[in-house]
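Peer 1: predicted structure and sequence below. I'll ask about it afterward.
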Amino acid sequence: MTTTAPEPLLVVILGPTASGKSALAIHLAEHFSGEIVSCDSVAVYRDFEIGTAKSPREERARIPHHLIDVVAPGEAFTAGDYARQARAAIQDIADRGHLPIVVGGTGLYLRALLEGLFPGPQRSEELRQRLRARAEQRGSAYLHRLLKRIDSASAAKIHPNDTPKLIRAIEVCLSTRRPMSEQWEQGRDPLRGFRILRLGLDPSREKLYSRINRRAAGMFADGLVEETGRLLKRYSDGREVTPMHSLGYMQARQFLRGEVTLEQAVAAAQQGHRNYAKRQMTWFRREPDVQWLEGFGDDSEVRERTVELVAANLSKGYPLPPAC
């Protein structure tokens, strides 16, 4: 009688910004001979360092990381692009007998990776140019109001300042004459061939917000304004550079333009990150089969529990070789 080989394990670490996801991923990678696949829509871009909270380069040299610094800042990179590249990386890691660990806070990228995407329409540069012009004239909030009228469900999931995602959502709705939220449920291609263990970090809101405030302030202290200035010189005014519109860089640009004081820029970045963390948890609460852990990824109790969970799930299949 033949037995079917068990599917390899895929560990997914999710949670809000500043909850210690990367620290926990490093710990598990060291313990189980793992490799990390980033799930962050800003970390995919090269040249953006301080405001992206990428893992330090020495850690990336010690533990293999994937899907970091893979796109030039001026290039378009969609959730579908991410899903294709991340799936290839995960399969390669598993084929080499290592444990793939997906870690990050971009919910749309994670959904594209695990559940697949609907076959959306091709890009319309003419329509996109018109929408960008409207955003320049009236602000991104105008696009958000427009999307809310034609697809309120999608608008509820996209931040009013996220111009690229707003443009794509409106483009899909207008091109197909159907809300994008309805199309999500059709034609998906979910990830197959892996047993998925979802680990969610859920620290107390008070402690999380305190850590977010410290980290955002630390980015400015570490040279975020100076880095933003260098990037603006390299990439003109940054309007067509997607990561330049992300939290931190957006506030640094406002300071450089003289629109706010440094203190106001830091406070706005802190508030923006706190709001983002709240939206992340709302999104991730809808993820199925998550093992939620109270605390941060660098808490000893959380680390011990996650090691137990991963070890228990590995025991259901063929064990991986120990870390070197």
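Peer 2: Thanks, I have the structure now.
Peer 1: low-confidence ranges, this structure, go.
Peer 2: 1-4, 118-122, 181, 183-188, 237-239, 317-324 (pLDDT under 70).
Peer 1: helices or strands next to the top helix by length along the chain in the packing?
Peer 2: When the chain is parsed with DSSP state H, its longest helix is helix 262-284. The elements that helix 262-284 packs onto, with contact taken as 3 or more C-beta pairs under 8 Å, 6 or more residues apart in numbering; DSSP states H and E, are helix 107-115, helix 205-221, helix 249-256. C-beta: built from backbone N, CA, C; applies to glycine.
Peer 1: buried stuff in whichever helix or strand comes after it?
Peer 2: Sequence order places strand 290-293 as the next helix or strand after helix 262-284, per DSSP states H and E. Of all the residues in strand 290-293, those buried under the rule 16 or more other C-beta atoms under 10 Å are 290, 293.
Peer 1: now what about the helix or strand just after strand 290-293, what contacts it?
Peer 2: Counting by DSSP H and E, the next helix or strand C-terminal to strand 290-293 is helix 300-314. By C-beta atoms under 8 Å, 6 or more residues apart in numbering, the residues outside helix 300-314 that reach it are 9, 11, 20, 24, 27-28, 31-32, 99, 195, 197, 199, 201, 291, 293-297, 320.
Peer 1: go again with 7 Å.
Peer 2: Applying C-beta atoms under 7 Å, 6 or more residues apart in numbering, the external contacts of helix 300-314 come out as 9, 11, 24, 27-28, 31-32, 195, 197, 199, 291, 293, 295-296, 320.
Peer 1: repeat that for stretch 104-114.
Peer 2: 14-17, 21, 38-41, 79-80, 82-83, 86-87, 102, 190-191, 196, 280, 283-284.
Peer 1: could you check the angle helix 205-221 makes with the longest helix of the chain?
Peer 2: Computed by axes from the mean of the first three to the mean of the last three C-alpha atoms, to 10 degrees, the angle separating helix 262-284 from helix 205-221 equals 130 degrees.
Peer 1: mind checking the backbone torsions on the closest residue to residue 104 other than its chain neighbours?
Peer 2: Leaving aside its sequence neighbours, residue 104 sits nearest to residue 39 (C-beta to C-beta, 6 or more residues apart in numbering; 3.0 Å). Main-chain torsions, residue 39, degrees, to the nearest 10: phi -130, psi 70.
Peer 1: wait, what's in contact with residue 39?
Peer 2: Applying C-beta under 7 Å, 6+ apart, the residues near residue 39 are 102, 103, 104, 106, 109, 110, 113.
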